[in-house]
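Enquirer: Sequence unavailable; structure follows:
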């Protein structure tokens, strides 16, 4: 196979098919380390894919993964393909394969840990991460593009590795290697995670890589969820390294970090996603955190003198976030800033019912029509007090939502409005009553659209999708109504009307027919 002068795809496809049911132990007599290494090193992609396919069989058993762990050169080659292959398919499959081996061999899953030790405690393997991804490491044939692509794959790999075992990536392994690839002698690298998060990537002239790096910080937070069995949590590392503070600063004061409005916008959005993740996972720590001091890193540092006034007591971080969200909402009603809205929906509900936060929520406009704003309200209305405070501030709420829901030209807003109705009805007795008793809502829902008006039944048309969503919303209300029948006034009457309406389907009993309706 290695001396073929024609496309080997037919042969490799046949081999993959013939060996598809064989276990790793059954192919071992043929798939020796030397043979596997030859397939992975072949200059032809189909042969490389064959080698990866054979190795994937070892991800099904701890014992087989242990065998692969003993093949040092194969592990090195897989790491090289993951970080330096010019083919994205090969690099992606190599990444998945290595993670699969690590997962099945994880001590948390009763594995032996042999693969983990090979990748993180073998000097030659460990150093490859640094050589291939550091700008001070090995030059790659693809130049700068290949190096940045490898760094992106490193971010993805380490984030997923942290999910499997955060303790393993946060510790220092070979200080002499890590020091060699540090950004400075005064700020030495202290482990694979630290290398990935702070030392590998130069963000000053690459905004796309900087955005990926901020995504990586959020992924780190997510890797352990709200709790962690590790001695050190991802949040602890991010705080200790200063990354937590600087990322929050990029949202609160993006102009302090860049003169470019374009760069400010890109990084502000990514920083907001990080903050929303932090707020969702660590609400108690969010509430206790003060606003960080945000230096203007574009200006030289000034030495504090005795005449310099002391810094005022920092305000709570939540207040600073709410002020920034309010600014973003008021800045342009026609162009929502989804990351800021996500921060708002990630904040603890008991915070948002306080006077100032409630004012911020009330700033969310109902017009001009914007689906992002309506979807944000859908999430916030899970809390009764927030709903009533907003509806008191916006008596036009239901009139506006029903206008949107009745306008096929506003498909996104119509679907978002129907989703709000459906989600509100799921919020217990009070939410269901609001849907049933708010003027015009049920009349709209139980009146079927004609098939002709709904784009002649074209499933891609806006009118068709709105009609289907309308019927699905009514079905959801019907299910909830059955749960609260004894606690909702008029529930029996509504149950009869809704059952009749849902029974005859999306379009009603006649193509253009109407169902007589009356508020119950």
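Expert: Thanks, I have the structure now. The structure displayed is predicted, hence computed values, not measured ones. Numbers count the residues shown, from 1 in each chain.

Enquirer: When you work out contacts or count neighbours from here on, use the C-alpha atoms and nothing else.
Expert: OK.

Enquirer: for stretch 184-199, which positions count as buried?
Expert: Buried residues in stretch 184-199, counted by 16 or more other C-alpha atoms under 10 Å: 188, 189, 190, 191, 192, 193, 194, 195, 196, 197, 198, 199.

Enquirer: I misspoke; the intended subject was stretch 414-428.
Expert: Going by neighbour count (16+ other C-alpha under 10 Å), the buried part of stretch 414-428 is 414-427.

Enquirer: Turn those into CSV, columns for secondary structure and pLDDT.
Expert: Compiled in CSV, the buried residues of stretch 414-428 are given as follows (DSSP: H, G, I helix; E, B strand; the rest coil; pLDDT from 0 to 100):
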residue, secondary structure, pLDDT
414, helix, 97
415, helix, 98
416, helix, 98
417, helix, 98
418, helix, 98
419, helix, 98
420, helix, 98
421, helix, 98
422, helix, 98
423, helix, 98
424, helix, 98
425, helix, 97
426, coil, 96
427, coil, 96
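
Enquirer: Can you name every helix or strand that the helix or strand residue 194 falls within contacts?
Expert: Using DSSP states H and E, residue 194 maps to helix 192-194. The criterion is 3 or more C-alpha pairs under 8 Å, 6 or more residues apart in numbering; DSSP states H and E, and the helices and strands that helix 192-194 contacts are helix 166-170.

Enquirer: Which residues does the helix it packs on contact?
Expert: Taking contacts as C-alpha atoms under 8 Å, 6 or more residues apart in numbering, the residues outside helix 166-170 that touch it are 120, 158, 161-162, 190-194, 224, 230-234.

Enquirer: before we move on, what about stretch 421-434?
Expert: Residues from elsewhere that reach stretch 421-434 (C-alpha under 8 Å, 6+ apart): 378, 381-382, 384, 435, 473-474, 476-477, 480-481, 484, 487-488.

Enquirer: would JSON lines of those with distance to residue 134, neighbour count and pLDDT be doable?
Expert: Output for these, formatted as JSON lines (distance: C-alpha to C-alpha, whole Å; neighbours: other C-alpha atoms under 10 Å; pLDDT from 0 to 100):
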{"residue": "378", "distance to residue 134": "45", "neighbour count": "22", "pLDDT": "98"}
{"residue": "381", "distance to residue 134": "47", "neighbour count": "23", "pLDDT": "98"}
{"residue": "382", "distance to residue 134": "47", "neighbour count": "19", "pLDDT": "97"}
{"residue": "384", "distance to residue 134": "52", "neighbour count": "16", "pLDDT": "97"}
{"residue": "435", "distance to residue 134": "58", "neighbour count": "21", "pLDDT": "97"}
{"residue": "473", "distance to residue 134": "53", "neighbour count": "19", "pLDDT": "96"}
{"residue": "474", "distance to residue 134": "57", "neighbour count": "23", "pLDDT": "95"}
{"residue": "476", "distance to residue 134": "54", "neighbour count": "14", "pLDDT": "96"}
{"residue": "477", "distance to residue 134": "56", "neighbour count": "22", "pLDDT": "96"}
{"residue": "480", "distance to residue 134": "56", "neighbour count": "17", "pLDDT": "95"}
{"residue": "481", "distance to residue 134": "60", "neighbour count": "25", "pLDDT": "94"}
{"residue": "484", "distance to residue 134": "61", "neighbour count": "14", "pLDDT": "92"}
{"residue": "487", "distance to residue 134": "65", "neighbour count": "12", "pLDDT": "93"}
{"residue": "488", "distance to residue 134": "64", "neighbour count": "16", "pLDDT": "92"}
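
Enquirer: Please identify which pair of those lies farthest apart.
Expert: Pairwise distances among the contacts of stretch 421-434 were taken by C-alpha to C-alpha; the largest, 23.5 Å, belongs to 378 and 487.

Enquirer: What is the neighbour count of residue 317?
Expert: 18 (other C-alpha atoms under 10 Å).

Enquirer: tell me the contacts of residue 48?
Expert: Applying C-alpha under 8 Å, 6+ apart, we find residue 48 in contact with 39, 40, 41, 42, 90.

Enquirer: gap between it and residue 381?
Expert: In this structure, residue 48 and residue 381 are 53 Å apart, going by C-alpha to C-alpha, to the nearest Å.

Enquirer: try residue 430
Expert: Separation of residue 430 from residue 381 (C-alpha to C-alpha): 11 Å.

Enquirer: again, but for residue 125
Expert: For residue 125, the distance to residue 381 - C-alpha to C-alpha - is 52 Å.

Enquirer: Against residue 414, how distant is residue 492?
Expert: According to C-alpha to C-alpha, residue 492 stands 29 Å off from residue 414.

Enquirer: Which strands or helices does whatever helix or strand residue 322 lives in pack on?
Expert: Using DSSP H and E, residue 322 sits within helix 317-331. Applying 3+ C-alpha pairs under 8 Å, 6+ apart, one finds that helix 317-331 contacts helix 243-252, helix 283-288, helix 338-346, helix 355-362.

Enquirer: need these in JSON lines with distance to residue 209 and mean pLDDT, can you?
Expert: Shown next, in JSON lines, are the helices and strands packed on helix 317-331 (distance: least, C-alpha to C-alpha, whole Å; pLDDT from 0 to 100):
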{"stretch": "helix 243-252", "distance to residue 209": "15", "mean pLDDT": "96"}
{"stretch": "helix 283-288", "distance to residue 209": "27", "mean pLDDT": "96"}
{"stretch": "helix 338-346", "distance to residue 209": "19", "mean pLDDT": "97"}
{"stretch": "helix 355-362", "distance to residue 209": "33", "mean pLDDT": "96"}
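
Enquirer: Could I get the ones you listed in a markdown table, plus columns for distance to residue 167 and mean neighbour count?
Expert: Shown next, in a markdown table, are these (distance: least, C-alpha to C-alpha, whole Å; neighbours: other C-alpha atoms under 10 Å):
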| stretch | distance to residue 167 | mean neighbour count |
| --- | --- | --- |
| helix 243-252 | 18 | 21 |
| helix 283-288 | 22 | 14 |
| helix 338-346 | 28 | 21 |
| helix 355-362 | 38 | 18 |
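
Enquirer: got those helices as CSV, with distance to residue 215 columns?
Expert: Output for the helices and strands packed on helix 317-331, formatted as CSV (distance: least, C-alpha to C-alpha, whole Å):
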stretch, distance to residue 215
helix 243-252, 11
helix 283-288, 19
helix 338-346, 13
helix 355-362, 27
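
Enquirer: Residue 321 is nearest to which of these?
Expert: helix 243-252 (6.9 Å).

Enquirer: other SSEs contacting that closest one?
Expert: So helix 243-252, by 3+ C-alpha pairs under 8 Å, 6+ apart, packs with helix 234-240, helix 261-281, helix 317-331.

Enquirer: could the ones you listed go into JSON lines alongside distance to residue 289 and mean pLDDT?
Expert: Converted to JSON lines, the helices and strands packed on helix 243-252 look like this (distance: least, C-alpha to C-alpha, whole Å; pLDDT from 0 to 100):
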{"stretch": "helix 234-240", "distance to residue 289": "12", "mean pLDDT": "96"}
{"stretch": "helix 261-281", "distance to residue 289": "11", "mean pLDDT": "96"}
{"stretch": "helix 317-331", "distance to residue 289": "6", "mean pLDDT": "96"}
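
Enquirer: want to throw these into TSV with distance to residue 78?
Expert: Formatted as TSV, the helices and strands packed on helix 243-252 follow (distance: least, C-alpha to C-alpha, whole Å):
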stretch	distance to residue 78
helix 234-240	27
helix 261-281	31
helix 317-331	44
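
Enquirer: Quick check: which of those is buried the most?
Expert: Scoring these by mean neighbour count under mean count of other C-alpha atoms under 10 Å gives helix 261-281 as the most buried, with a mean of 21.

Enquirer: So what touches that helix?
Expert: The contact list for helix 261-281 (C-alpha under 8 Å, 6+ apart) reads 207, 210-211, 214-215, 217-218, 221-222, 225-226, 247-248, 250-251, 254-255, 257-258, 286, 339-340, 342-344, 346-348.

Enquirer: Then stretch 203-223?
Expert: For stretch 203-223, contacts defined as C-alpha under 8 Å, 6+ apart pick out 148, 152, 155-156, 159-160, 162-163, 197, 201-202, 234-235, 238, 247, 263, 266-267, 270-271, 273-274, 277-278, 281.

Enquirer: Ok, stretch 80-90 next?
Expert: The set of residues external to stretch 80-90 that reach it, using C-alpha under 8 Å, 6+ apart, is 45, 48-49, 91-95, 128, 132-133, 140, 142, 146-147, 149-151, 153-154.
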